[in-house]
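Asker: What would the 3D arrangement of this be:
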Amino acid sequence: MSERQRSATRKKDLAQAFSALAEAARDRQPVAGWTHNFYRYPARFSPQFASAAITLFSKPGDLVLDPYMGGGTSIVEGVAAGRRMVGNDLNALAGFITKVKITGLTERENAAVRQWATKKVPGLSYWLPPGKVIDFIDPVKTYNLTLPRARFIKKVVAGALASIEQLPSANAQNLAKCAVLRVSQWALDGRERQTSVSAFRERLVDTTKEMVDAVEGFAKQAKRTGGCGIVLHGDASDLGSAAVFSDEKASLVVTSPPYPGVHVLYHRWQVDGRRETPAPYWIAGCNDGEGGSYYNFGDRRDTAMDRYFAASLKTLKAIRTVVRTGGYMIQIVAFNRPEEQLPRYLENMEEAGFEEVSAGGNAERIWRQVPGRKWHTTLRGQPHVADEAAKGLVAA
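Answerer: Numbers count the residues shown, from 1 in each chain. Below is the predicted model of the structure:
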């Protein structure tokens, strides 16, 4: 085959890959499968999109990176597909959730968590003696959980955390904590009516059993494919010093970075009339950062984008250092003013050492409008709508 023929074949293959990626990006199915529903992480993207990007632009055994992994959608899909995944996030809550999603348990550990659900959870009560739970209530991280709709659940959650300490291993304890986290989110976050203690207990029993089943199924899949995952906690601008990249660079990056002009509550729930609480960190047993701006490259009150794009460029340059030449970076980014923000974002990508991929002579961008997510757009006062673009770029 001549070089001209090879070039034509590559273009055809790339065009087909983009077509399949576009179809996956526009998929409207609810998030489901594997361990994806362990927690409703804000602004999470579609497993169908993550799976398509990983299978179309990498091979089994490849090293694949998500530098802003959030709830770990890409990490779960990559491990299931037999890739060696590296996930990173500044948010300790994201690290906790992702580790639970991809960590297999032994038969003994799974049995212990099931027994905890059937034997301990039904006995949880608001009327537990204060002395049994006081050590498990963090006054800072339970801020605003003294409100009428939350205080009963707060006491039951404290009782659950106390009982979890009896489980035989850290992995088993973390799975149980994640079950409590998931059900507490259902019971408290944005809830208009008070959740009863009995409803909380019943849901926790069922949810825990479902999560144990999901972990068992995912562990079997990872064993079949040989997939594995590493979870890092830190600023993406520090990725260049991560030991995992000392001998090998990533072949692919699949991610969704913080969005310019769009503020997302990655770190808090809203309880009893949209009052914010850092309760997720209490339940997960990890520390919060420095408020919403810490996770968004900028505060929700900012009217200028300079802070966002300066932080974005710093992380993109670091990401480029750990991606091999010719490797792809596929990402979903949302904009509330795409006509102004997209050109600046692409300038950052080029300055960091990437160039936008073309298929059939035209740069491929996949657009869709996303209403109703839990975010706040700024600058134009559009509180519930933003445009998302999926873009493919290659490391030059």
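Asker: Give me the buried positions along stretch 280-300.
Answerer: 280-286, 288, 292-293, 295-298, 300 (16 or more other C-beta atoms under 10 Å). (Each C-beta comes from the backbone N, C-alpha and C, glycine too.)
Asker: Quick check: the farthest pair among those?
Answerer: Gly285 and Gly298 (28.4 Å; C-beta to C-beta).
Asker: Please narrow the buried residues of stretch 280-300 to those residing in helices.
Answerer: Secondary structure assignment by DSSP state H places 280-284, 292-293, 295-296 of these in helices.
Asker: Can you tell me which of those residues is closest to Pro130?
Answerer: Once C-beta to C-beta is applied, the member of these that ends up nearest Pro130 is Trp282, at 16.9 Å.
Asker: what about Ile54, distance to Gln166?
Answerer: Between Ile54 and Gln166 the distance, using C-beta to C-beta, to the nearest Å, works out to 38 Å.
Asker: out of the two, which sits in the more crowded spot?
Answerer: Taking other C-beta atoms under 10 Å, Ile54 and Gln166 do not tie; Ile54 has more neighbours (25 against 12).
Asker: nearest residue to the more buried one other than its sequence neighbours?
Answerer: Gly78 (5.0 Å; C-beta to C-beta, 6 or more residues apart in numbering).
Asker: State the number of residues packed around that neighbour.
Answerer: The burial count for Gly78: 33, using other C-beta under 10 Å.
Asker: got the contact list for it?
Answerer: 50, 54, 64, 66, 85, 227, 229, 254 (C-beta atoms under 8 Å, 6 or more residues apart in numbering).
Asker: one more time with 10 Å, if that's ok
Answerer: 50-51, 53-55, 58, 62-66, 72, 84-87, 102, 225, 227-229, 252, 254 (C-beta atoms under 10 Å, 6 or more residues apart in numbering).
Asker: And the helices in this protein?
Answerer: Using DSSP H, helices in the chain cover 3-25, 47-57, 73-80, 92-102, 107-115, 130-133, 151-164, 170-188, 197-225, 279-284, 292-296, 306-321, 338-352.
Asker: what's the angle from the longest one to helix 73-80?
Answerer: In this structure, helix 197-225 runs at an angle of 40 degrees to helix 73-80, with axes from the mean of the first three to the mean of the last three C-alpha atoms, to 10 degrees as the basis.
Asker: tell me which residues in helix 197-225 are buried?
Answerer: Buried, per 16+ other C-beta under 10 Å, within helix 197-225: 197, 200-201, 203-205, 207-208, 211-212, 214-215, 218-219, 221-222, 225.
Asker: domain ranges for the protein?
Answerer: 3-104+222-395, 108-210 (automatic domain parsing).
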